[in-house]
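Colleague: How does the following fold in three dimensions:
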Amino acid sequence: MSIATLLEMAAEAMPDREAVVCGGLRLTYAGLLERSRRAAAQIVAAGAGYAGYLAVNGPAAPVTLFGAALAGVPYSPLNYRLTGEELSALLARIDPALLVCDPAYLKGVQAPAGVTPVDAASFPAPGEGLAEAVESAVAVQLFTSGTTGQPKAALLSHDNLMSYILGTVEFMAAEEDEATLVAAPPYHIAGVAGLLSSIYAGRKMVFLPNFDPKEWIRLTNEERITNAFVVPTMLQRIVEVLDSGAGAGVAPSLRAVAYGGGKAPLSVIERAMALFPGVDFTNAYGLTETSSTICLLGPDDHRAAAVSEQAEVRRRLGSVGRPLPSIELEVRDDHGHPAPPGVPGLIFVRGGQVAGEYREQGDLRDADGWFCTRDHGWLDDEGFLFLEGRADDVIVRGGENISPGEIEDVLLRHPAVRDAAVVGVPDVAWGEAVAAAVVLSAPVTTEELQAWVKASLRSSRAPQVVRVLDSLPYNETGKLLRRVVREILADAG
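Modeller: Now for the predicted structure:
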């Protein structure tokens, strides 16, 4: 079944319900399907093997996504923040393609002859729609962030995405007054999954082309937003604006906020819950290769953890919750065996939404369908998952494996620490030394922080290098750029 079916069902069941709002443009579900069919016809006429997207959030994103599905080619959104050289390399990998874009992002880009750019502002052109949808296996191709080496092209099939949507969203579940604020980047899996989920639920989508906390608050109030997804850095900036009094308060229409894409500091979550006492908060953990969310920390879990006096319950506010009912999840030790509660290891997942496939490397799932996420973490006695970072982030000090996540958690519990990042830096005697970058809300000495860590963990976990920064480097989807932190701390050492 094609993901285009989601839009076709919505357009048939609620043709006159508002689907898309962006600036002065307002589209119904019937109007969105009509535009998507015209987009499909344009993609086919261009002889494209891909439908690329190189622009900020806007109505052209869902039109291109569903147009590609109807035309039977993969939808491949690109990161408009990349350099001209990087974009040139990615365009060569989706040649031939129809590229729906903002022409400004093509400056300095060498596009192959087979890539046909069209302006997102005028896409699709007037004309007839596609007479009959074309079946295809791959629905979406997303390029990974490429923190090491060239970005990988992750492939998500129609079956993967449909498995996720049908397993997590109820058709027409949204009331007619519900609206979601779309702020996740279009080239991120959260952006793609958010479009599909909202359309199947029948929720109006209000697009925020470029994130700005004051504009986020203004649109939330003006369009009476009920649902929103943010990455942790967005949530932190919204909280800061509200606390500063620089913007208006958020309208009581807001009912649910989901966050994910990176680790959110507990102080930010707790402050957001205090600022929005009637809002349901959800922490969503997922990967590109798993078609988005595989674990959820739901609203009831947030409230229970926030008020509990039991340490093991309260710490769950820093977890990513429990696996979806459709997902099997295991934490495995160094020998590949399931680890008992409290013991960290690699996280493996299995389920219909799990793709684990790349264009260059093929399917990386094992014979039993298990996919290694390359994330480190552990489960508590009730099955709540706590993340400790990527496998590549593990610090090896004198032959001992040290997880940065456990040290960061301890540092973040210090009342003077607002944010923290721990990495390994070269050390002649031990191979690697533990180094920490911290953002402070009050003065504290290096010695005090080292003693704080030693009081909870073994002395080998205490950072030998501590550097105070004004802020930590995150990308636009909220992921900590550990490579940048490592460079900063290596220079400090």
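
Colleague: Just give the closest residue to Gln150, not the sequence neighbours.
Modeller: Leaving out its chain neighbours, the residue that sits closest to Gln150 by CB to CB, 6 or more residues apart in numbering is Ala89, at 7.5 Å. Every C-beta, even on glycine, is put in place using the N, C-alpha and C of the backbone.

Colleague: Mind giving me the packing neighbours of the strand or helix carrying the one you found?
Modeller: Assigned by DSSP states H and E, Ala89 belongs to helix 84-92. The helices and strands touching helix 84-92, judged by 3 or more CB pairs under 8 Å, 6 or more residues apart in numbering; DSSP states H and E, number zero.

Colleague: worst-scoring helix or strand of the protein, pLDDT-wise?
Modeller: Ranked by mean pLDDT, DSSP states H and E, the weakest helix or strand in the chain is strand 400-402, scoring a mean of 79.

Colleague: Return the set of buried residues in the helix holding Ala89.
Modeller: By 16 or more other CB atoms under 10 Å, the buried positions in helix 84-92 come out as Glu86, Leu87, Ser88, Ala89, Leu90, Leu91.

Colleague: Give me the mean pLDDT for that helix.
Modeller: Averaged over helix 84-92, pLDDT sits at 95.

Colleague: Show me what secondary structure element comes after that helix.
Modeller: Scanning onward from helix 84-92 (DSSP H and E), the first element met is strand 97-101.

Colleague: okay, now the domains of this structure?
Modeller: Residue ranges for the domains of the chain, per automatic domain parsing: 4-210, 394-493.

Colleague: how far does the first one stretch from start to finish?
Modeller: The stretch domain 4-210 measures 27 Å between its terminal residues, going by CA to CA, to the nearest Å.

Colleague: how far out from the middle of the chain is that domain?
Modeller: In terms of CA atoms, centre = their mean, to the nearest Å, the gap separating the centre of domain 4-210 from the centre of its chain is 16 Å.

Colleague: Ok, the shortest one next?
Modeller: When C-alpha coordinates are averaged (CA atoms, centre = their mean), domain 394-493 and its chain have centres 24 Å apart.

Colleague: that older thread, the buried residues of helix 84-92 into CSV, with extra columns for distance to Glu18?
Modeller: Formatted as CSV, those follow (distance: CB to CB, whole Å):
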residue, distance to Glu18
Glu86, 37
Leu87, 34
Ser88, 39
Ala89, 39
Leu90, 34
Leu91, 34
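
Colleague: residue contacts, Phe229?
Modeller: Under the criterion of CB atoms under 8 Å, 6 or more residues apart in numbering, the neighbours of Phe229 are Thr180, Val182, Ala183, Ala184, Ala190, Gly194, Val257, Ala258, Tyr259, Gly260, Ala284.

Colleague: quick one, what contacts the fifth one?
Modeller: Read that as Ala190. Taking CB under 8 Å, 6+ apart, we find Ala190 in contact with Ala184, Phe229, Val231, Gly260, Gly261, Ala284, Gly286, Ser292, Thr477.

Colleague: follow-up on the earlier one: parallel or antiparallel, list what pairs with the least confident helix or strand of the chain.
Modeller: Strand 400-402 has the following sheet partners, assigned by DSSP bridges: strand 395-397 (antiparallel).

Colleague: Skip the chain neighbours and tell me the closest residue to Val485.
Modeller: Spatial nearest neighbour of Val485, excluding adjacent residues (CB to CB, 6+ apart): Ala421 at 4.7 Å.
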